[in-house]
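K.L.:
Predicted model and sequence below, questions to follow.
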Amino acid sequence: MGQAFWNVPHPRNPSFTGREAEIAGLRERLARKRKTALAQAISGLGGIGKTQTAVEYAYRYRDEYKAVLWLNAESPLSLKTGCGDIARQMPLPHDEKDLDQAAAAVKYWLGTHQDWLLILDNAEDPTVLEPFLPNDHEGHILITSRAHDFQHLGILDPVELGELPIEDATAFLLRRCGREGAHEAERGAARELAGELDGLPLALEQAAAYIVATRATFQRYLESYRKGGLARLEAHRPALGRYPKSVATTWAANFAAVQADSEAAADVLRLSAFLAPDAIPFELLTRGVSQLGPALEAALSRAEGDPLVINDVLQALDRFSLVRIDGERDTFGIHRMVQEVFKDAMDDAPRRLWAERAVRAVDQAFPDVEYANWLLCDRLLPHAIAVARWIERDRMVFPAAGRLSNQTAYYLRDRAQYTVAEPLCKQAMEIRRTALGERHPDYADSLNNLAVLYYAMGRHAEAEPLFKQAMEICRTALGEQHPSYASSLNNLAGLYQTMGRHADAEPLYKQAMEIRRTALGERHPNYADSLNNLAVLYHAMGRQAEAEELRKKAMAIHRRPEGNGLQPGQ
């Protein structure tokens, strides 16, 4: 079919990579019913490649249309100006000094012709589009926007662009830099860089533009980016794709709009910059709300009575695709590059403030570690691990930081993730040592928890001195009749039992049992634990009659599973 009109302002990107499923989906939806007024939208974060995908669609299917019209839809004025250009180029009858007349002329042409494609690019507010669209037409309309709600235009299923998959992002870098034949190490570095930039096309283009301009290797750029972060990325602007802004500035206007609309939503974005990027649970906001500052506390004060309050707060961010809401799982996510940009934009004082607020909120949301709470612990775990890095970086030593590190390590130990738990155990121990001193019972708890972890890992020689140190602190700080001292005795005895040192274990078990009997009473579950632990030891020593008698007493109090009875602190 002959091309009557074409005004796409962008050349085809020779390095365009991926998006095959999205483009095929757009074509299938638009071509489904030729005689029905059809429109589709490409939605997503700024810099995710919406315009480039629309450009590729236009070039790929240009022969299917008699005319392809492109309008900048950023504002009513830009739409009218674009209509004026189209009316002049076609040409259409109108007064060249009257943009409203030009817009009406283009709208009339669309309503009286068929087999055309109209691309409305960068529609920040899709509600402004309706006056420019014909009510009845036989063409296709394609909208690109950071928004995702196009209900008023009859679009219920926009194509939402996400990050490029790692394979496509790597292929883009290799193709864009002309290094598709690179050796294995360089290809590996390109893949790592694609991962570091989290598949954001704008960030990939900026990195590639620098690499091409300076002839740097992927390996050297990757090393520099890991040290310099956003500053390294911003060293070169994008060259291909006609991106108007860099990564550092592409979301600035959106954030300003969010802040003007809702300070609470802006604070969610600030908070999210310090968390893990994916699956941030709503419970983190509701349970940790008192630690998140006055704006969020006021906005979420009704969250317990109204389950949609969080959705209301997030709407301002979702409108610009700054977050991704998963309503089925009650979570939201944020792109890693958005996190980097907003952290980088903060001065030192607000950065420290929001890092600390993130720690305090996750700590307040993190429940006691018991089986009934495992699901919530698991939802919060990635964010507890993320803020642990800020605890380390900013040397936070307040009690909430120590508790969170301790609880996270405790949960990881329960789930047999020992190597991840170990540095958190040590972090909690160091915070409590610094904040509380080496004679405080909470410091003893941290020593005990690290010892329990080493015990579980089979590192018995490392566990023993920690158990002894914790026991001595409890004895001095709490006294020899305190249940916590009994627990310390019990734990050291359990270690000796596992090591086969039965003679060393027996007096410790007996002493712990007597303290519990006196302090807690003979009907307390912890006293039953002591009876049972001693029974297990006697069984291992071949003293079956004594073991049987103790086991019966323990069962009469409370049936407990057999084991060594090591007890981590909280």
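P.N.:
That came through fine. Numbering: from 1, shown residues only.
K.L.:
Just say helix, strand or coil for residue 70.
P.N.:
strand (DSSP: H, G, I helix; E, B strand; the rest coil).
K.L.:
now it: how far from residue 15?
P.N.:
Here residue 70 is placed at a distance of 21 Å from residue 15 (Cβ to Cβ, to the nearest Å). All C-beta spots, glycine's among them, are computed from the backbone N, C-alpha and C.
K.L.:
ends of stretch 520-529, how far apart?
P.N.:
12 Å (Cα to Cα, to the nearest Å).
K.L.:
cool, and stretch 124-135?
P.N.:
Stretch 124-135: ends 22 Å apart by Cα to Cα.
K.L.:
and residue 278, which of the three is it?
P.N.:
Secondary structure for residue 278, judged by three-state DSSP, is coil.
K.L.:
Verify the stated contact: it with residue 382.
P.N.:
Yes - the pair residue 278 / residue 382 is scored as a contact, 7.2 Å apart, by Cβ atoms under 8 Å.
K.L.:
how about the helices in the stretch 401-550 of the chain?
P.N.:
418-436, 441-456, 460-478, 483-498, 502-520, 525-540, 544-557 (DSSP state H, counting those that start in this stretch).
K.L.:
other SSEs contacting the fifth one?
P.N.:
This points to helix 502-520. helix 483-498, helix 525-540 (3 or more Cβ pairs under 8 Å, 6 or more residues apart in numbering; DSSP states H and E).
K.L.:
For the last one, name the packing helices and strands.
P.N.:
When you say that, I think you mean helix 525-540. Using 3+ Cβ pairs under 8 Å, 6+ apart, helix 525-540 is in contact with helix 483-498, helix 502-520, helix 544-557.
K.L.:
Ignoring the adjacent residues along the chain, who's closest to residue 488?
P.N.:
Of all residues not flanking residue 488 in the chain, residue 471 sits nearest, at 3.7 Å (Cβ to Cβ, 6 or more residues apart in numbering).
K.L.:
neighbour-wise, which of residue 70 and residue 15 wins?
P.N.:
residue 70 (22 against 19; other Cβ atoms under 10 Å).
K.L.:
in the sheet, who's paired with the more buried one?
P.N.:
Beta-bridge pairing for residue 70 (DSSP bridges): residue 119.
K.L.:
For residue 54, see how far away it is.
P.N.:
For residue 70 relative to residue 54 (Cβ to Cβ), the value is 9 Å.
K.L.:
Now do the shared contacts for those two.
P.N.:
119, 121 (Cβ atoms under 8 Å, 6 or more residues apart in numbering).
K.L.:
For residue 229, give me its contacts.
P.N.:
340, 344.
K.L.:
Let me see the backbone angles for it.
P.N.:
phi 60, psi -130 (degrees, to the nearest 10).
K.L.:
Could you do residue 331 as well?
P.N.:
phi -140, psi 170.
K.L.:
Over to residue 142?
P.N.:
Dihedral angles for residue 142 - degrees, to the nearest 10 - are phi -130, psi 120.
K.L.:
residues in contact with the closest residue to it other than its chain neighbours?
P.N.:
Nearest residue to residue 142, sequence neighbours excluded (Cβ to Cβ, 6+ apart): residue 119, at 4.9 Å. Counting by Cβ under 8 Å, 6+ apart, residue 119 touches 8, 54, 58, 68, 69, 70, 71, 142, 143, 144.
K.L.:
what about 6 Å?
P.N.:
By Cβ atoms under 6 Å, 6 or more residues apart in numbering, the contact set of residue 119 is 54, 70, 142.
K.L.:
what does residue 219 give?
P.N.:
residue 189.
K.L.:
In three-state terms, label it for me.
P.N.:
Quick answer, by three-state DSSP: residue 219 is helix.
K.L.:
Going forward, count from 46.
P.N.:
Renumbered: residue one is now 46, and that last one reads residue 264.
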